[in-house]
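In: What would the 3D arrangement of this be:
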Amino acid sequence: MALNGGPLFKFSEAVSLMVRCKDQDEIDYFWEKLGEGGDPAKQECGWLGDKYGLSWQVVWDSWGSMVGSKDRAAADRSFAAMMKMKKIDIAEMTKAFEGK
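Out: Residues are numbered from 1 along each chain as shown. This is a model prediction of the structure:
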């Protein structure tokens, strides 16, 4: 649920909603639906802006365990791969994590 606080409170990109997805199909689905009519310039690292100006994070549910791995080199590689993406690509993040 979201509430409108009235005209005194201006909406900004400081607020975003997160959609945690179990697989690439879900990421693709939500990325397409939420991004429809939005500004392509606001697509970066799993973030996008919808047609109303609301910011969304469409992320892979398992991403946190990957970037939080005790294998810091692997975690850093997956994070660096993500930073080059617009929409999250699970296969590419996994490949980077594994050092391939």
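In: List the buried residues of the lowest-mean-pLDDT helix or strand in the chain.
Out: One helix or strand of the chain scores below all others by mean pLDDT, DSSP states H and E: helix 63-67, with a mean of 87. By 16 or more other Cβ atoms under 10 Å, the buried positions in helix 63-67 come out as W63, M66, V67. Quick note: C-beta positions are derived from backbone N, CA and C, even for glycine.
In: Ok, stretch 49-58 next?
Out: Using 16+ other Cβ under 10 Å as the test for burial, stretch 49-58 gives G49, D50, L54, S55, W56, V58.
In: I'd guess the last one is in a strand, am I close?
Out: Looking back up the chat, that one is V58. Yes - using DSSP: H, G, I helix; E, B strand; the rest coil, the secondary structure at V58 is a strand.
In: Who's the closest spatial neighbour of G46, skipping the chain neighbours?
Out: Nearest residue to G46 in three dimensions, chain neighbours excluded: I88, at 4.6 Å (Cβ to Cβ, 6 or more residues apart in numbering).
In: Is that neighbour within a helix or a strand, and which one?
Out: Of the helices and strands defined by DSSP states H and E, none includes I88.
In: so how far is Q43 from it?
Out: 11 Å (Cβ to Cβ, to the nearest Å).
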